[in-house]
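Visitor: predicted coordinates and the sequence they were generated for:
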Amino acid sequence: MTPLVKIDRYLRRTKMPPTKFGRLAVNDPRLVGDLKRGRNPGPKMMARIDAFIGADGA
């Protein structure tokens, strides 16, 4: 599963705005938009994203 798919599923389930997710998960409100434009997160960023989603019980 790609990072964007994981994030999109989380956003739909929680009804959280993409900018809020980016800000809370990795301190970058542009994260989701950048991923949609082709940004490729590194392993450290993916670990932070996974930890944030996992902490919410996903």
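Guide: Noted; the coordinates are in hand.

Visitor: now the helices: where do they sit in the protein?
Guide: 3-14, 18-26, 31-36, 43-55 (DSSP state H).

Visitor: now those helices as TSV including mean neighbour count and mean pLDDT?
Guide: Bear in mind the C-beta positions are built from the backbone N, C-alpha and C, glycine included. Shown next, in TSV, are those (neighbours: other Cβ atoms under 10 Å; pLDDT from 0 to 100):
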stretch	mean neighbour count	mean pLDDT
helix 3-14	14	96
helix 18-26	17	98
helix 31-36	17	97
helix 43-55	13	95
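
Visitor: what residues does stretch 36-53 touch?
Guide: Stretch 36-53 has contacts (Cβ atoms under 8 Å, 6 or more residues apart in numbering) with 3-4, 6-7, 10, 21, 24-26, 31, 35.

Visitor: can you give the distance from it to the centre of its chain?
Guide: 6 Å (Cα atoms, centre = their mean, to the nearest Å).

Visitor: over to stretch 3-22?
Guide: The chain centre lies 6 Å from the centre of stretch 3-22; the measure is Cα atoms, centre = their mean.

Visitor: likewise for stretch 48-56?
Guide: Offset of stretch 48-56 from its chain centre (Cα atoms, centre = their mean): 8 Å.

Visitor: repeat for stretch 28-37
Guide: Distance, centroid of stretch 28-37 to centroid of chain: 8 Å (Cα atoms, centre = their mean).

Visitor: how long is it end to end?
Guide: 15 Å (Cα to Cα, to the nearest Å).

Visitor: from residue 39, how far out is residue 33?
Guide: Distance, residue 33 to residue 39, using Cβ to Cβ, to the nearest Å: 9 Å.

Visitor: Serialize the contacts of stretch 36-53 to CSV and add fields for distance to residue 52.
Guide: What follows is the contacts of stretch 36-53, written out as CSV (distance: Cβ to Cβ, whole Å):
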residue, distance to residue 52
3, 12
4, 15
6, 10
7, 10
10, 9
21, 8
24, 7
25, 4
26, 8
31, 11
35, 14
